[in-house]
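Peer 1: Quick one, what's the 3D model for this:
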Amino acid sequence: MAEAGGSGEGERCSLLTCEQVRRLQQVLTEEVPVHGRGNFPTLGVCLQAVVCAVRAGLQRRGVGVKDVRLNGSTASHVLVEDPAWSYKDLDLIFRLDLPQDAGFQTHEVGFGHQEAGFQPQEAGLHHQEAEFGHQEAGFQPQEAGFHHQEAGFHHQEAGFLPQEAGFGGQEAGFLPQEAGFGGQEAGFERVREAVLSALLDFLPSGVSRDKMSAVTLTEAYVQKLVKVSTETDRWSLISLRNRAGRNVELKFVERIRRQFEFSVDSFQIVLDPVLDPVLERGPGAAPAVVVESVYGDFAEALEHLRGRLIVTRRPEQIRGGGLLKFCRLLTRGFRPARPAETRALQRYMTSRFFIDFPRLPQQRRQLHAYLSGRFAGEESHRYAYLSVLRHVVAQSTVCLMGHERRQVLRLISLMALHALAEQSHVPDASSVTCYYQPAPYAQDARFCPYYCGQTPAWQPCS
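Peer 2: Predicted structure coming up:
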């Protein structure tokens, strides 16, 4: 059990126990493969080495690092071990202190249509549809019980990002150098250089590094690039590819408004004490590792995790992916802590999902991407997950017209049937023997299985 934090840490923070520190060190020292595209070699890395290399690279480039944190399902695994379910993404947060002249520029926000080479018409979207207007997406805020001002929704903040909609780099016409990752934005450029320089250090000894440019390394090992720059959010994400769904997610944050979706994934473990050399804390001394719950109450969030309870705050701020995360928690055996508020919570999340992904192709790509990433190696759970998702969508969707709702439900049903067919392994029909149960009246002794009609009497021809 986590110990209460002291020295004015308040209710948000606590200290890890020795057993939790041991699990944390196992996670940090475990080798994780980063798979290259095509013929590029696979990199065997551990989180501790990646964090140290990237942090040192940032400091050499004049970017201050306040601390480095482990986040998400991996942090929850460190706190409460659940052998029935494995953690996936390895989420690392670098809290940055960018120089004033190296900050993210507000006027270069996200992936603009022209900057990222993305043409909405090529993806079957009109320009107006790509902006996600409330009326065009069939969404009436009053029906979902909230106004768009209360939801804090702006299309720049939750707008269309090719990576979040399931577009690969080539499919969306995305080239890093065209998406605003050039020399104009010195802050992110330094971050990107630090990450790619660290990747060079992990290449096998026989690989030539002379021709490994930044663009080449990005295309080979980076699964996803995201940059958000608004008045409330300034952060970027670089995800390193892993075919088993265990991507190494490096998030570089100057400021961010929403750091969690539910209380059970709100834990952030400060890694700096574990990364410091043994000499700095003395031989044999165990590191004092602080864990914070950005939900606001550590003890309450920990009880939610142990009791498998689903609790959140300000659900109108949860982005569209919150619906998929909510259904995954239900599949894992979690349940809403306040059943009376479940329907309202589901309405918020379904409405936001269909705002962020209003077209059927986008919804299909998002579901495929989520299943491929979150259920890699756990394909047997896909049917149960899709069944839960269909039930939630059918029960709580209020922002779609009738034919749109039927299309979404049909899409989820077909995906569930496909997952069930892959899971069931139906045998070849030539090796199947069928047995039929006779009808009850066939056991009657007077029953004759043959029917004889009345034979007419023969009469002679006249």
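Peer 1: what does the biggest helix by length in the chain contact?
Peer 2: For the chain, the helix with the greatest residue count under DSSP state H is helix 402-424. Under the contact criterion Cβ atoms under 8 Å, 6 or more residues apart in numbering, helix 402-424 has outside partners 138, 360, 363-364, 367, 371, 379-380, 382-383, 386-387, 389-390, 393-394, 397, 400. Where C-beta positions appear, they are placed from N, C-alpha and C, glycine not excepted.
Peer 1: make it 6 Å
Peer 2: The contact list for helix 402-424 (Cβ atoms under 6 Å, 6 or more residues apart in numbering) reads 138, 360, 380, 382-383, 386-387, 389-390, 394, 397.
Peer 1: Show the contacting residues for residue 72.
Peer 2: Taking Cβ under 6 Å, 6+ apart as the test, what residue 72 contacts is 91, 265.
Peer 1: What's the separation between it and residue 251?
Peer 2: 10 Å (Cβ to Cβ, to the nearest Å).
Peer 1: cool, and residue 81?
Peer 2: 24 Å.
Peer 1: Tell me which of the two has more neighbours.
Peer 2: residue 251 (20 against 10; other Cβ atoms under 10 Å).
Peer 1: Indicate each strand paired with the host helix or strand of that one and its parallel or antiparallel sense.
Peer 2: Per DSSP states H and E: residue 251 is located in strand 248-255. Using DSSP bridges, strand 248-255 pairs in its sheet with strand 90-97 (parallel), strand 234-240 (antiparallel).
Peer 1: I'd like those strands laid out as CSV, including distance to residue 67, mean pLDDT and mean neighbour count.
Peer 2: Formatted as CSV, these follow (distance: least, Cβ to Cβ, whole Å; pLDDT from 0 to 100; neighbours: other Cβ atoms under 10 Å):
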stretch, distance to residue 67, mean pLDDT, mean neighbour count
strand 90-97, 6, 93, 21
strand 234-240, 15, 93, 22
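Peer 1: so residue 66 sits right up against residue 95, yeah?
Peer 2: Yes - if you go by Cβ atoms under 6 Å, residue 66 and residue 95 touch, sitting 4.2 Å apart.
Peer 1: which SS class is residue 81?
Peer 2: Secondary structure state of residue 81, per DSSP: H, G, I helix; E, B strand; the rest coil, is coil.
Peer 1: gap between it and residue 407?
Peer 2: Taken as Cβ to Cβ, the span from residue 81 to residue 407 is 41 Å.
Peer 1: Pull up the per-residue confidence for the residue nearest to residue 232 when sequence neighbours are not counted.
Peer 2: The shortest distance from residue 232 to any non-neighbouring residue, by Cβ to Cβ, 6 or more residues apart in numbering, is to residue 257 (4.3 Å). Residue 257 is assigned 87 on the pLDDT scale.
Peer 1: you'd agree residue 257 is in a helix?
Peer 2: No - assigned with three-state DSSP, residue 257 falls outside any helix and is coil.
Peer 1: what number of residues lie near it?
Peer 2: Counted with other Cβ under 10 Å, residue 257 comes out at 14.
Peer 1: now do residue 363
Peer 2: Residue 363 has 22 nearby residues by other Cβ under 10 Å.
Peer 1: now it: how far from residue 420?
Peer 2: 20 Å.
Peer 1: which SS state does the closest residue in space to residue 88 that isn't next to it in sequence fall under?
Peer 2: Using Cβ to Cβ, 6+ apart and skipping residues adjacent in sequence, the residue nearest residue 88 is residue 245, 5.2 Å away. Under three-state DSSP, the three-state class of residue 245 is coil.
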